[in-house]
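Visitor: 3D model of this:
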Amino acid sequence: MANSLDGLKVAVLAVDGFEQAELVEPKRALAEAGATVHVISEKPGKIQGFKHVDKGDAVEVDTTFDKATAADYDAVVLPGGVVNGDAIRLLPQAQAFVKAADSAHKPIAVICHGTWLPVSAGIIKGRTVTSWPSLQDDIRNAGGTWVDQEVVEDNNLISSRKPDDIPAFNKALIGQLSKRKAA
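Guide: Below you'll find the predicted structure:
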């Protein structure tokens with residue numbers, strides 16, 4: 001699988017309060033597969049990660065929402081973290097990025113509380129997704145179907161529940177990107 005994603009660019013959208021493993025592990029797996037991965041946030045510098053409720057590592061931001069568009073990327077990753085998920089869903093630029101990626105049928109891989117952004121962006125209606133269990137009412141209210149599974153692929157939308165699901169999440173995302181590159 002090494003270098004199978006050479007030439008592809010993936011955007012990771014996050015703000016302070018992201019769940020560390022849900023950003024760092026997919027970023028590492030994508031880079032190991034050959035993709036270029038950029039962390040995109042609302043401000044330059046670093047954003048603060050968390051390991052559940054404990055402060056984790058800060059991650060360098062590569063670019064900001066005002067300088068990047070979904071057209072620049074082949075896929076989008078949306079990590080969770082309660083604070084990140086709640087804050088990023090309110091950013092019009094983040095919503096627009098996700099809507100544009102979805103309209104272009106690019107893979108959008110979302111995990112845990114990251115699902116709040118697709119809910120607020122209006123792309124959940126008619127889709128089957130998973131997430132952290134506390135989001136199931138939000139998903140249903142947005143017109144989606146919530147299921148409790150390790151990973152769910154509904155067309156270009158890939159979703160997982162929690163950090164324990166990251167291996168299956170990464171495999172599904174890399175698999176979709178590999179198929180698209182080969183096509």
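Visitor: From here on, just use CA atoms for contacts and neighbour counts.
Guide: Noted.
Visitor: For stretch 113-126, buried residues please.
Guide: 113-121, 123-124 (16 or more other CA atoms under 10 Å).
Visitor: contact partners of it?
Guide: Applying CA atoms under 8 Å, 6 or more residues apart in numbering, the contact partners of stretch 113-126 are 78-82, 84-86, 88-90, 94-96, 98-99, 102, 131-132, 135, 138-139, 142-145, 159.
Visitor: and it, C-alpha only, in PDB?
Guide: Output in PDB follows, covering the C-alpha atoms of stretch 113-126 (Å, rounded to 0.1, in the frame of the first residue of the first chain):
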ATOM      1  CA  HIS A 113     -18.100  14.100  17.200                       C
ATOM      2  CA  GLY A 114     -16.700  15.300  13.900                       C
ATOM      3  CA  THR A 115     -20.100  14.300  12.500                       C
ATOM      4  CA  TRP A 116     -21.600  17.600  13.800                       C
ATOM      5  CA  LEU A 117     -20.000  19.500  10.900                       C
ATOM      6  CA  PRO A 118     -21.700  17.400   8.200                       C
ATOM      7  CA  VAL A 119     -25.000  17.700  10.100                       C
ATOM      8  CA  SER A 120     -24.600  21.500  10.200                       C
ATOM      9  CA  ALA A 121     -23.400  21.600   6.600                       C
ATOM     10  CA  GLY A 122     -26.700  19.900   5.600                       C
ATOM     11  CA  ILE A 123     -25.200  16.800   3.900                       C
ATOM     12  CA  ILE A 124     -26.600  14.100   6.200                       C
ATOM     13  CA  LYS A 125     -30.200  13.800   4.800                       C
ATOM     14  CA  GLY A 126     -30.900  10.500   3.300                       C
END
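Visitor: which residues does residue 173 contact?
Guide: Neighbouring residues of residue 173 by CA under 8 Å, 6+ apart: 107, 109, 158.
Visitor: ah, wrong one, I meant residue 41
Guide: 13-15, 47, 61, 63-65.
Visitor: one more time with 6 Å, if that's ok
Guide: Residue 41 makes contact with 13-15, 64-65, according to CA atoms under 6 Å, 6 or more residues apart in numbering.
Visitor: How much space separates it from residue 65?
Guide: 6 Å (CA to CA, to the nearest Å).
Visitor: Same question for residue 109.
Guide: Taken as CA to CA, the span from residue 109 to residue 65 is 18 Å.
Visitor: the more surrounded of the two?
Guide: residue 109 (26 against 19; other CA atoms under 10 Å).
Visitor: Find the helix or strand that that one is a member of.
Guide: Residue 109 belongs to strand 108-111 when assigned by DSSP states H and E.
Visitor: Which secondary structure elements does that strand sit against?
Guide: strand 75-78, strand 157-160 (3 or more CA pairs under 6 Å, 6 or more residues apart in numbering; DSSP states H and E).
Visitor: please redo it, this time with the cut-off set to 10 Å
Guide: Under the contact criterion of 3 or more CA pairs under 10 Å, 6 or more residues apart in numbering; DSSP states H and E, strand 108-111 touches strand 9-13, helix 20-32, strand 75-78, helix 92-103, helix 116-121, strand 151-154, strand 157-160, helix 166-182.
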